[in-house]
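In: Sharing a model that was predicted from the sequence below.
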Amino acid sequence: MTPVHTQPPLALTFWGVRGSIPTPTSENLGHGGNTACLSIDCGDSIFILDAGSGIRPLGRQLLTRPTLPEIHLLFTHFHWDHIQGLPFFDPLYRPDARITLYSFHTPEDLRSILAGQMVAPYFPVDFQLVANHLQFRQLQNTTTTLAGLTLQCFDLNHPQRSQGYRISNGSRSLVIATDHEHGDPAADARLSAIAQGADLLVYDAQYTPLEYEKRQGWGHSTWHDAVSVAREAGIPQLVLFHHDPAHNDAMLDAILAEAQAEFPGTLAAREGMTLQLNPA
Ligand SMILES: [Zn+2]
Ligand SMILES: [Zn+2]
């Protein structure tokens, strides 16, 4: 007899997989050119991680639903590739939308940071005009429960700081660790401890090991580091994320083949991909 699961699967969708800057050129479209944006759809509510350019198609899709879900938008940090899609996120302009924005900053600072990119002469609509229906909340180095998911937030090793998330529905859990440079002992130990036993790891794999030799201190890692973290934490499925703008599909396929030879449970993030973690 097939077991009946009352708990829905934990499903992660990739809307933007690229680091640094959108790269919508023909040789990149297999994996996608939009910058960082992920979502976890819980039906009545949706969790969105980062507002890179991938958040635009997500916003358009949300507006096609009969009812707009409650939106929880979690930021890892505020480098441009993680916020540049926000002015083009259609639900922002719906006064009836329930949207809460979270980051490691205080609510006041978060509001002012986001206002900084929606102000003359950079954008024609002032953030203050659309922000009245938005909620702002600080999450840092903490564990909290929201809409049935448990979120654990932790610091990563990145210039000007980045925040990772372990997200669990009580049965399955996934870890998002993007914009993180491997090699800082304290940050690596923290990530490894928090990620222990998760089902899925999304990890910053911007550089090849050879490229990394010239990019130390830039705040990003390699597929090789990604495999090490997945192994140390006992995570069976690894997704290489935050692809370098210079890596076209052929290069990403070659990187993925190298990584899979070391760790068969590796995937390279692609726009439109949904990974579903069924209840244990
Ligand atoms: Zn980034
Ligand atoms: Zn960054």
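Out: Arrived safely. Ligands and ions are numbered 1, 2, ... in the order given.
In: Quick one: name whatever helix or strand follows the helix or strand of the chain with the lowest mean pLDDT.
Out: Scoring the helices and strands of the chain by mean pLDDT, DSSP states H and E places helix 127-130 at the bottom, with a mean of 92. With elements assigned by DSSP states H and E, the helix or strand that comes after helix 127-130 is strand 134-138.
In: What's the mean pLDDT across that following strand?
Out: For strand 134-138, the mean pLDDT works out to 98.
In: how about the CA coordinates for stretch 42-62, as PDB?
Out: This file holds the C-alpha atoms of stretch 42-62, laid out as PDB (Å, rounded to 0.1, in the frame of the first residue of the first chain):
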ATOM      1  CA  CYS A  42       3.900  26.700   0.500                       C
ATOM      2  CA  GLY A  43       0.600  27.400  -1.200                       C
ATOM      3  CA  ASP A  44      -0.900  30.200   1.000                       C
ATOM      4  CA  SER A  45       2.500  31.600   1.500                       C
ATOM      5  CA  ILE A  46       5.800  31.700  -0.500                       C
ATOM      6  CA  PHE A  47       9.300  32.100   0.700                       C
ATOM      7  CA  ILE A  48      11.600  33.900  -1.700                       C
ATOM      8  CA  LEU A  49      15.400  34.000  -1.300                       C
ATOM      9  CA  ASP A  50      17.000  37.100  -2.800                       C
ATOM     10  CA  ALA A  51      15.700  39.500  -5.400                       C
ATOM     11  CA  GLY A  52      18.100  39.300  -8.300                       C
ATOM     12  CA  SER A  53      16.700  39.700 -11.800                       C
ATOM     13  CA  GLY A  54      15.100  36.200 -11.500                       C
ATOM     14  CA  ILE A  55      12.400  37.600  -9.200                       C
ATOM     15  CA  ARG A  56      10.800  39.400 -12.100                       C
ATOM     16  CA  PRO A  57       9.300  36.300 -13.800                       C
ATOM     17  CA  LEU A  58       8.400  34.900 -10.300                       C
ATOM     18  CA  GLY A  59       6.400  38.100  -9.600                       C
ATOM     19  CA  ARG A  60       4.600  37.800 -12.900                       C
ATOM     20  CA  GLN A  61       3.700  34.200 -12.200                       C
ATOM     21  CA  LEU A  62       2.400  35.100  -8.700                       C
END
